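J.: this one's sequence-less:
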């Protein structure tokens, strides 16, 4: 059906900022077909030297109901208003089962999806969260090659997705609801430690004062964490996607962070560490795949597993029979 | 220092229920020395045919402050009062850094640690949570070989430790504090889905009514989850470690669960699946270790990693250079 194009088609199209070519290149990256994967790799290798290192990669998370879509809609429109080219990606582990996606319904971000400076791409469906993360990283590189200078990566806050997104962005923003101090318990442990900033959403109308109080509470709570090596003290802001109040402040704060980290060299070191982690994770996946695809392995595994299942063989014994030292 | 003994010393000692030998055998299991590991394996292989399949393995978790130690102290004393031989183990990922342990300070469970029918073993320190889990499983087998018929495995509710403990027990008990409905948010997502029962602790004095209300709330919340395949509907109980109220009810409920699952064959199937998962996890660990210990691998990795770090090589390209298809 889809006509096969040579790598140069994608490479040139991406470098020219062609949206249609970008979408097609992402489809290659997401494809499970070996021929598509090979082509995707050729395209990525071709654009790699031309990817500017100046993009800002922002991860956004928060519990369901915090208003992530509305925030991204308002925040994204603010950014394109500044002349930014904005790409919005998502990592959604729940989309793996249904094949659907939190961003699949573009009506969620109605005006942003019509914005000529914005590009919204749903979360890829995949067999593993690791695979989804890998493809999202490659998609991010394609978007950067196509000239997008701000990348927002949304995650639904389930499972390991925050950790994965944290591992691929320059700035990790945690959206929080105004509420009681109990709110602090609403998150998975460790997420607040990952955050470079907290933004309390829905700070409008009757909720304004509650948001301000929450801001103080969170700010106090964040002081309980040991400072990061870089000395960045995660700030807590309030904002309203409804009125727009504080939205500009969020971006100003991210820019301030980028300037500080650029000057200290921390931003570069951070990206380098992330690339290394990506490589190591991918390597482990491939090592396992190579091992398990050995000839006769399926049968031997089945035999050993039946003994392990019955409890007549210890796992350590079974492993020894598969791995010769 | 420590005198080396032949496998038969440990095997016979364990089968005789000798506590001192048990402690020494666990020390072997936890040791990083290859000679100790070999000996540990010989001991495990020797006792494996004699391990009764009748033990009850109970995992216990809950947020910090829920009163896990106090619960285990009272619950454990109740069990030894019934004539049970009780082993208390722990998986504590936080002990990996400090080398300490949540159970290291036995004064936490003062009367239980003096109980001749109870055996308390701190969480092993280790380089990885996976390694700690592996050793805890082997320790559990040693305890069973030594005649312990109830094994409690406590976890501090950090990181992946609940999932690991859930993967090695027959019954997973979640302790909860009485409080507002907001309490439901205090847990990591997915933990409530793992629980076979909830017990609301500190149901005494002024807190009794709050505990009763919480019981209803949790019971309602649990109905929102799809029923497990076995048809077991996780009950919600209240108890007080201070007054002892409800402690016997928790054990009666666990026994009821065991009877039902024993009769349906579900208990056996569950243990078989757990053994398989243990084997697969261990196998993956060994596959990686074998790959990375190849001759010259360290140097090649270092070269590739420096290119990946600089961004001149994509992770996929680097992986291809290490793994020949």
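T.: That came in fine, so what should we check first? Predicted model only: the values in this text are computed from it and were never measured. Numbering: from 1, shown residues only, chains lettered A, B, ... in the order given.
J.: where does the stretch 101-250 of chain A have low pLDDT?
T.: A:101-108, A:125-127, A:157-159, A:179-190, A:223-229 (pLDDT under 70).
J.: change it to 90
T.: For the stretch 101-250 of chain A, applying pLDDT under 90 flags the ranges A:101-111, A:113, A:122-134, A:155-164, A:176-195, A:213-214, A:216-233.
J.: and the helices in it?
T.: A:110-114, A:129-145, A:161-166, A:191-194, A:208-222, A:247-264 (DSSP state H, counting those that start in this stretch).
J.: contact partners of the first one?
T.: The one in question is helix A:110-114. The list of residues contacting helix A:110-114 from outside it, by C-beta atoms under 8 Å, 6 or more residues apart in numbering or on different chains, reads A:72-73, A:76-77, A:80, A:86, A:88, A:106-107, A:118, A:120. C-beta here means a position set from N, CA and C on the backbone, and glycine is covered the same way.
J.: narrow these to those that are buried.
T.: A:72-73, A:76-77, A:80, A:86, A:88, A:118, A:120 (16 or more other C-beta atoms under 10 Å in any protein chain shown).
J.: out of these, who's near chain B?
T.: Contacts with chain B within the buried ones among the contacts of helix A:110-114, as defined by C-beta under 8 Å from any C-beta of the partner chain: none are present.
J.: adding secondary structure and distance to residue A:177, write those out as JSON lines.
T.: Below are these laid out as JSON lines (DSSP: H, G, I helix; E, B strand; the rest coil; distance: C-beta to C-beta, whole Å):
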{"residue": "A:72", "secondary structure": "helix", "distance to residue A:177": "16"}
{"residue": "A:73", "secondary structure": "helix", "distance to residue A:177": "17"}
{"residue": "A:76", "secondary structure": "helix", "distance to residue A:177": "20"}
{"residue": "A:77", "secondary structure": "helix", "distance to residue A:177": "22"}
{"residue": "A:80", "secondary structure": "helix", "distance to residue A:177": "26"}
{"residue": "A:86", "secondary structure": "strand", "distance to residue A:177": "25"}
{"residue": "A:88", "secondary structure": "strand", "distance to residue A:177": "21"}
{"residue": "A:118", "secondary structure": "strand", "distance to residue A:177": "26"}
{"residue": "A:120", "secondary structure": "strand", "distance to residue A:177": "24"}
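J.: still on that earlier bit, can you put the helices of the stretch 101-250 of chain A in JSON lines and add mean neighbour count?
T.: Below are the helices of the stretch 101-250 of chain A laid out as JSON lines (neighbours: other C-beta atoms under 10 Å in any protein chain shown):
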{"stretch": "helix A:110-114", "mean neighbour count": "14"}
{"stretch": "helix A:129-145", "mean neighbour count": "22"}
{"stretch": "helix A:161-166", "mean neighbour count": "22"}
{"stretch": "helix A:191-194", "mean neighbour count": "16"}
{"stretch": "helix A:208-222", "mean neighbour count": "17"}
{"stretch": "helix A:247-264", "mean neighbour count": "16"}
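J.: closest to residue B:34 out of these?
T.: helix A:129-145 (31.7 Å; C-beta to C-beta).
J.: outside of the closest one, which residues touch it?
T.: Residues outside helix A:129-145 that contact it (C-beta under 8 Å, 6+ apart): A:14-15, A:22, A:25-26, A:29-30, A:40, A:43-44, A:47-48, A:50-52, A:55, A:57, A:87, A:89, A:91, A:93, A:96, A:119, A:121, A:123-126, A:151, A:153, A:159-161, A:164, A:167-168, A:278, A:281-282, A:285.
J.: near chain B, list only the ones from those residues.
T.: A:44, A:48, A:159, A:278, A:282.
J.: can you pick out the most distant pair from these?
T.: Farthest pair in those, by C-beta to C-beta: A:48 and A:159, 30.2 Å.
J.: what's the closest of the helices of the stretch 101-250 of chain A to residue A:230?
T.: Here helix A:247-264 is closest among the helices of the stretch 101-250 of chain A (C-beta to C-beta), at 6.7 Å.
J.: the closest one close to chain B?
T.: No - taking C-beta under 8 Å from any C-beta as the criterion, helix A:247-264 and chain B are apart, separated by no less than 15.7 Å.
J.: neighbouring contacts of that helix?
T.: For helix A:247-264, the external contacting residues (C-beta under 8 Å, 6+ apart) are A:56, A:58, A:74-75, A:78-79, A:82, A:170-171, A:173, A:196-197, A:199, A:230, A:232, A:235, A:237, A:239-241, A:266-268, A:270.
J.: got the contact list for residue A:218?
T.: A:176, A:184, A:198, A:200, A:236 are the contacts of residue A:218 under C-beta under 8 Å, 6+ apart.
J.: now those residues as TSV including distance to chain B?
T.: Compiled in TSV, the contacts of residue A:218 are given as follows (distance: C-beta to the nearest C-beta, whole Å):
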residue	distance to chain B
A:176	12
A:184	9
A:198	17
A:200	16
A:236	19
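J.: for ChimeraX, write a command that selects the buried ones of those residues.
T.: To isolate the buried ones among the contacts of residue A:218 in ChimeraX, judged by 16+ other C-beta under 10 Å, type:
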select /A:176,184,198,200,236
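J.: could the contacts of residue A:218 be laid out in JSON lines, adding distance to residue B:305?
T.: JSON lines is the format used below for the contacts of residue A:218 (distance: C-beta to C-beta, whole Å):
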{"residue": "A:176", "distance to residue B:305": "37"}
{"residue": "A:184", "distance to residue B:305": "38"}
{"residue": "A:198", "distance to residue B:305": "34"}
{"residue": "A:200", "distance to residue B:305": "40"}
{"residue": "A:236", "distance to residue B:305": "37"}
